[in-house]
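# A structural model of the following input is requested.
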Amino acid sequence: MKNVFVIGDACQSYLPKSGYAAHSEGKMVAKIINARIKGKEVKEEYLQMICYAMVSDKEAIMTETAFRYDTVSKRFVPTHREDNQRKESTAKRYEEWARGLWRDLFG
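Below is the predicted model:
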C-alpha cells in the first residue's frame, strides 16, 4: 500500500525504539508525503541515531549509529561509534542537541 506508512513501535525496523528514532522517522515520512504532493521524487536518505547519557552533573558519554543500505545483501548495515570517555564537552554537545530537538518539536 503506497500511501500507508507504518513507523515506530508498530513496524519491524532496523531502528532502535527511542523517541529520537520516532522523531527522525516522522520527519522522513513528512518529507516523503510533501514530495509526493508536489509530484517530486524523494531522494533516498538513511537515518542516523544518537544517544547521549549524562554520567554526572557535568559529564556525558555518547553512542551513534548510522545506517546505509547494502544493495548486495539488500539489508541495512549499521555503522556504530561510541565515545565512552566521560567528558564535559560531550555534555555540552548533548545540551545543544537537546535544545535543537526541543526547538524542532515544539517551536
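# For this structure, which segments are assigned as strands?
For the chain, applying DSSP state E gives strands covering 48-54, 60-70, 75-87.
# Tell me how many other residues crowd the closest residue to Ala98 other than its chain neighbours.
Across the structure, with C-beta to C-beta, 6 or more residues apart in numbering as the measure, the residue nearest Ala98 apart from its sequence neighbours is Tyr52 (7.8 Å). (C-beta placed from N, C-alpha, C; glycine too.) Tyr52 has 19 neighbours, counted by other C-beta atoms under 10 Å.
# tell me the contacts of Tyr52?
Under the criterion of C-beta atoms under 8 Å, 6 or more residues apart in numbering, the neighbours of Tyr52 are Ala60, Ile61, Met62, Thr90, Ala91, Arg93, Tyr94, Trp97, Ala98.
# how near is it to Ala22?
17 Å (C-beta to C-beta, to the nearest Å).
# how about the strands of the chain, which one is nearest Ala35?
Checking the strands of the chain against Ala35 by C-beta to C-beta gives strand 60-70 as the closest, at 18.5 Å.
# What's the mean pLDDT across the closest one?
Looking at strand 60-70 alone, the average pLDDT works out to 88.
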